[in-house]
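Chemist: return a 3D structure for these sequence lines:
(2 chains)
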Amino acid sequence: EPEVTQTPSHQVTQMGQEVILRCVPISNHLYFYWYRQILGQKVEFLVSFYNNEISEKSEIFDDQFSVERPDGSNFTLKIRSTKLEDSAMYFCASKSGSHEQYFGPGTRLTVT
Amino acid sequence: GESVGLHLPTLSVQEGDNSIINCAYSNSASDYFIWYKQESGKGPQFIIDIRSNMDKRQGQRVTVLLNKTVKHLSLQIAATQPGDSAVYFCAERASTDSWGKLQFGAGTQVVVTP
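Modeler: Model prediction:
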């Protein structure tokens, strides 16, 4: 069964550093998403991406964040200058034309 | 056992019993709802979904009920098993949101006891 994959599973970085979180969505999917989950809290929407551009973003997704689909398979989330409060699980999701979003296993980002 | 909305975040259920997890949503414009299961250290896993033109949908051992009048969603798990122990999230999508952004609830921790 096809699945969304994410790398790395755990990323530790120092405050102020740039990180890139990587995702490989399901191959025939057209809509891509990033969500995050701070420890013990609910999953929060960050950004949606369709047709090679951002279609919607939340208030969390400020100028420090960017997304890119550099090729036909990868979908990345970049945080330019990480802050302590960026520590969270980051989930990538994708979907086809149907409503169901499939989530990856997540990347745990720890900012020290 | 029964969990009411977001005020009772932990539901303890004996193995073999039925579980009922409740969720209240706030956006009357939401037209699509999903239940996700999240095990420790993993991403949300799709369980079952329902559109707003339905009030009940059944899957394998799971049933979702939707009451649009009171904006309430529930997930029923029949014959709960140890593997059902996880956090369960309801999520909603607004009909006005063409890109399918999901809004998640706070989650309910289900603990299955032997």
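Chemist: contacting residues around residue A:44?
Modeler: By C-beta atoms under 8 Å, 6 or more residues apart in numbering or on different chains, the contact list for residue A:44 reads A:35-38, A:58, A:60, B:104. For glycine as for every other residue, the C-beta is placed from the backbone atoms N, C-alpha and C.
Chemist: go on, residue A:16?
Modeler: Listed by C-beta under 8 Å, 6+ apart, the contact partners of residue A:16 are A:81-82.
Chemist: again with residue B:92
Modeler: Counting by C-beta under 8 Å, 6+ apart, residue B:92 touches B:25, B:27, B:30, B:32-34, B:73, B:102-103.
Chemist: chain A: which of the residues you listed is nearest?
Modeler: Nearest to chain A, judged by C-beta to the nearest C-beta, of those is residue B:32 at 5.2 Å.
Chemist: which non-adjacent residue is nearest that closest one?
Modeler: The shortest distance from residue B:32 to any non-neighbouring residue, by C-beta to C-beta, 6 or more residues apart in numbering or on different chains, is to residue B:93 (4.4 Å).
Chemist: avg pLDDT for the one helix or strand that neighbour maps to?
Modeler: Element membership for residue B:93 (DSSP states H and E) is strand B:86-94. Strand B:86-94 shows a mean pLDDT of 92.
Chemist: which other helices and strands contact whichever helix or strand comes after that strand?
Modeler: Reading on from strand B:86-94 to the C-terminus, the next helix or strand found by DSSP H and E is strand B:103-104. Secondary-structure packing of strand B:103-104 (3 or more C-beta pairs under 8 Å, 6 or more residues apart in numbering or on different chains; DSSP states H and E): strand B:86-94.
Chemist: mind checking how far the strand it packs on is from the chain centre?
Modeler: Distance of strand B:86-94 from its chain centroid, counting by C-alpha atoms, centre = their mean, to the nearest Å, is 6 Å.
Chemist: strand partners (parallel or antiparallel) of it?
Modeler: strand B:30-38 (antiparallel), strand B:103-104 (antiparallel), strand B:108-113 (antiparallel) (DSSP bridges).
Chemist: most packed of those strands?
Modeler: Comparing the strands paired with strand B:86-94 by mean neighbour count (mean count of other C-beta atoms under 10 Å in any protein chain shown), strand B:30-38 comes out on top with a mean of 22.
Chemist: identify the residues contacting the helix or strand just after that strand?
Modeler: Downstream of strand B:30-38, the next assigned helix or strand under DSSP H and E is strand B:45-51. Strand B:45-51 has contacts (C-beta under 8 Å, 6+ apart) with A:99-103, B:31-39, B:56-57, B:59, B:62-64, B:66, B:73, B:75, B:88.
Chemist: what residues does chain A put near chain B?
Modeler: Within chain A, the positions adjacent to chain B are A:4, A:31, A:33, A:35, A:41-45, A:48, A:50, A:55-56, A:91, A:95, A:99-106 by C-beta under 8 Å from any C-beta of the partner chain.
Chemist: any chance of a markdown table for the strands paired with strand B:86-94, columns mean pLDDT?
Modeler: Compiled in a markdown table, the strands paired with strand B:86-94 are given as follows (pLDDT from 0 to 100):
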| stretch | mean pLDDT |
| --- | --- |
| strand B:30-38 | 93 |
| strand B:103-104 | 92 |
| strand B:108-113 | 94 |
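Chemist: closest one to residue B:52 among the ones you listed?
Modeler: strand B:30-38 (4.2 Å; C-beta to C-beta).
Chemist: could you measure from the residue sitting nearest the centre point of chain A over to residue A:71?
Modeler: A centroid search over chain A (C-alpha atoms, centre = their mean) returns residue A:34, at 3.5 Å, as the residue closest to the centre. According to C-beta to C-beta, to the nearest Å, residue A:34 and residue A:71 sit 17 Å apart.
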